[in-house]
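All I have is the shape, not the residue letters:
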């Protein structure tokens, strides 16, 4: 049975950064040095502690949020290793939601990248205290000063160094701790970052003095008492400086910067120590906000004697085990063998065996105390984002702010007869990863899968094959075009049919007019004198709507018009609702051809964020996609471009953007509305629609 830790002795740390910055390697080092693992793993050969799924091993990158633990200074560190590629940013948001502090990893050779910035903003939005680790100091071209200046330029003057490296690349031999002023010389043959105290080398003495003054000034500036003592020339001892830094971090004013190498473990010991000393325990984060059964906001103390609230932040499927639910206890205790409410779904769950997760292993415990993270198997109706709470309390926690999907693809099973198997597999994938979704679109006649990028979708389809045995074929999603009219027209629809017995007769006159874009459809009854009995008027309306849904140019629904039914006639015996519905449909099809119908296409507003060096390429590419540039805003060395772009031109745009910007660009999009299709493009769309109709007819 694993050791139970209470709130004061727990730290929940999410590890963030751009892909390739060294997060997983650093996590591996922290676990190895602390003794929770007995071997060093490597991302490159598929043995990293927190990259253990088949997809991660095959692709050599982190794809999933993974839990690891390290025990240091009698404190349990729950380390939440997150992917760095933006295709998997949903995993980042889940990790940020359940953490109390963030360790942001920045490569010493690459500096701050777009993923670093996006992770930082996510942690900032949650109000998490942040530390920065400049990694890979032992790599060729590593430059601490350049990377640190990028951190300051990007995240503000609150970023302050607490360590200065001695050398870089092959000559990275130690660090100087600015708190103590001591130098640590790393033992050449140690893979656990072990060091000896050495003299501060003369070549870094001036740098150390400059950075130390900057450190003390920055901390003192956030605390009036410290500032007064500093200005009076007092020597600020380590404990006071540490306390001031912790308070400044809690207020989001200070971000200590460390350095080292996850691969060699150099610098990892200092990180472990500072995570314990500077990051808040769960009982230090203040009241937990929740909602009760009546929808009222309540505040709960993050203590064992509060009612239980626990957020499920990750769900996975494992062979022979079934569904695993990872959860963070925010208040109260989670007891093995207890029955709790799923407040999100209004159901109850039995918590059987609670495990402490550590990559692929799980150590059983009797209970989890407030603030801890655990895993439980085989909950019957609980999924990612759900809240488990004390029975009868109905307490719900705020969920996870999932990023919106920005890419779509159409799927169909590679083998006939596997439609149900495909639908079941896609539903399971969504339960594991809410940023992936798939549903059949009846208008397009396709199953559309949506995700955060092409790689995200590719990985999802690999899982679909490996875990659920469904192979698929992919194709571009069809575009949901619309049709509309550009001028008024009027005419008659007359339906008469005699079949020997009772006949069918309906006759109506319609006047149609265009409406403003987005105003939709309106039917106006202008019949006077009983030319058409009132009971048949709704049938005319229905006939018009059904005909409009079928389209007149290329089979797409007609939108944004009004119809006025102003005259007609009927037969006292042969008229019926069906006859007038057919008459309404005939009248619309006849009249709309004289109203100069045109094709409309969906337009998206996209916001592209890129380094300014790539602005020319990005704008040129948007112009080629028939985009209209709305404006540009500068944000440091980043630029934001807003544009209106047809949806038809955005297939796999995230992939193209990353190719244009060497992986540094990202974009958001939202639907704006419909606009007319240029005539040359419209002709192609109409021809394609006709070809598709013929193919489906055969």
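Okay, I see it. None of these values were measured; they are calculated from a predicted model.

buried residues in stretch 26-36?
26-34, 36 (16 or more other Cβ atoms under 10 Å). Backbone N, C-alpha and C define where each C-beta goes, glycine included.

Run through the helices of the stretch 151-300 of the chain in chain order.
Secondary structure of the stretch 151-300 of the chain (DSSP state H, counting those that start in this stretch): helices at 202-220, 224-231, 238-250, 268-278.

Please apply the same query to the stretch 401-550 of the chain.
Taking DSSP H, counting those that start in this stretch as the criterion, the stretch 401-550 of the chain carries its helices at 419-432, 454-468, 537-550.

Also compute the angle for whatever helix or strand comes next after the last one relative to helix 537-550, please.
Per DSSP states H and E, helix 537-550 leads on to strand 561-569 as the next helix or strand towards the C-terminus. Regarding strand 561-569 and helix 537-550, their directions subtend 140 degrees when assessed with axes from the mean of the first three to the mean of the last three Cα atoms, to 10 degrees.

got a list of contacts for whichever helix or strand comes after strand 561-569?
Using DSSP H and E, the helix or strand that directly follows strand 561-569 along the chain is helix 577-592. Outside helix 577-592, the residues that touch it by Cβ atoms under 8 Å, 6 or more residues apart in numbering are 485, 489-495, 497, 504-512, 532, 535-544, 546-548, 552, 558, 563, 565, 568, 570.

Quick check on those: which are buried?
For the contacts of helix 577-592, buried by 16+ other Cβ under 10 Å: 485, 489-495, 504-512, 532, 536-537, 539-544, 547-548, 552, 558, 563, 565, 568, 570.

In a helix, residue 329, correct?
No: according to DSSP: H, G, I helix; E, B strand; the rest coil, residue 329 belongs to no helix; its state is strand.

Write down the beta-bridge partners of it, one by one.
Beta-bridge partners for residue 329, by DSSP bridges, are residue 310.

Contact partners for it?
308-310, 368-374.

Dump the helices of the stretch 401-550 of the chain to CSV, plus mean pLDDT.
Listed next are the helices of the stretch 401-550 of the chain as CSV, based on pLDDT from 0 to 100:
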stretch, mean pLDDT
helix 419-432, 92
helix 454-468, 92
helix 537-550, 96
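
and residue 253, which of these is closest to it?
Shortest distance between residue 253 and the helices of the stretch 401-550 of the chain, using Cβ to Cβ, is found for helix 454-468: 35.3 Å.

List the residues that contact residue 11.
Counted by Cβ under 8 Å, 6+ apart, residue 11 has contacts 75-78, 100-101, 275-276, 279-281.

do that again at 6 Å, thanks
For residue 11, the contacting residues are 77, 275, 279, by Cβ atoms under 6 Å, 6 or more residues apart in numbering.

Nearest to residue 430 among those residues?
residue 77 (31.4 Å).

still on that earlier bit, need the winner for burial among the helices of the stretch 151-300 of the chain.
helix 268-278 (a mean of 20; mean count of other Cβ atoms under 10 Å).

And for it, what's in contact with it?
With contact meaning Cβ under 6 Å, 6+ apart, helix 268-278 is reached by 11, 13, 29-30, 33, 72-73, 75, 77, 193, 242, 246, 258.

Next, the angle helix 238-250 makes with it.
Taking the same axes, to 10 degrees, helix 268-278 and helix 238-250 form an angle of 80 degrees between their directions.

a markdown table for the contacts of helix 268-278, including distance to residue 236 and pLDDT?
Shown next, in a markdown table, are the contacts of helix 268-278 (distance: Cβ to Cβ, whole Å; pLDDT from 0 to 100):
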| residue | distance to residue 236 | pLDDT |
| --- | --- | --- |
| 11 | 25 | 98 |
| 13 | 27 | 98 |
| 29 | 31 | 94 |
| 30 | 29 | 95 |
| 33 | 29 | 95 |
| 72 | 25 | 96 |
| 73 | 23 | 96 |
| 75 | 25 | 97 |
| 77 | 28 | 98 |
| 193 | 27 | 89 |
| 242 | 10 | 86 |
| 246 | 14 | 93 |
| 258 | 20 | 97 |
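
So which of those are in strands?
11, 13, 72, 75, 77, 258 (DSSP state E).

count of residues packed around residue 352?
Close neighbours of residue 352, defined as other Cβ atoms under 10 Å, add up to 12.

I'd like to know how far residue 647 sits from residue 408.
9 Å (Cβ to Cβ, to the nearest Å).

any weak-confidence spans in this structure?
Across the chain, residues meeting the criterion (pLDDT under 70) sit at 1, 44, 500, 695-698.

can you rerun that using 50?
Low-confidence segments of the chain (pLDDT under 50): 698.

longest strand anywhere in it?
Looking across the chain with DSSP E, the single longest strand is strand 597-611.

Can you point out the buried residues in that strand?
597-604, 606, 608-611.

if we can go back for a sec, take the ones in strands among the contacts of helix 268-278 and lay them out in JSON lines including distance to residue 43.
Output for the ones in strands among the contacts of helix 268-278, formatted as JSON lines (distance: Cβ to Cβ, whole Å):
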{"residue": "11", "distance to residue 43": "24"}
{"residue": "13", "distance to residue 43": "20"}
{"residue": "72", "distance to residue 43": "23"}
{"residue": "75", "distance to residue 43": "27"}
{"residue": "77", "distance to residue 43": "21"}
{"residue": "258", "distance to residue 43": "21"}
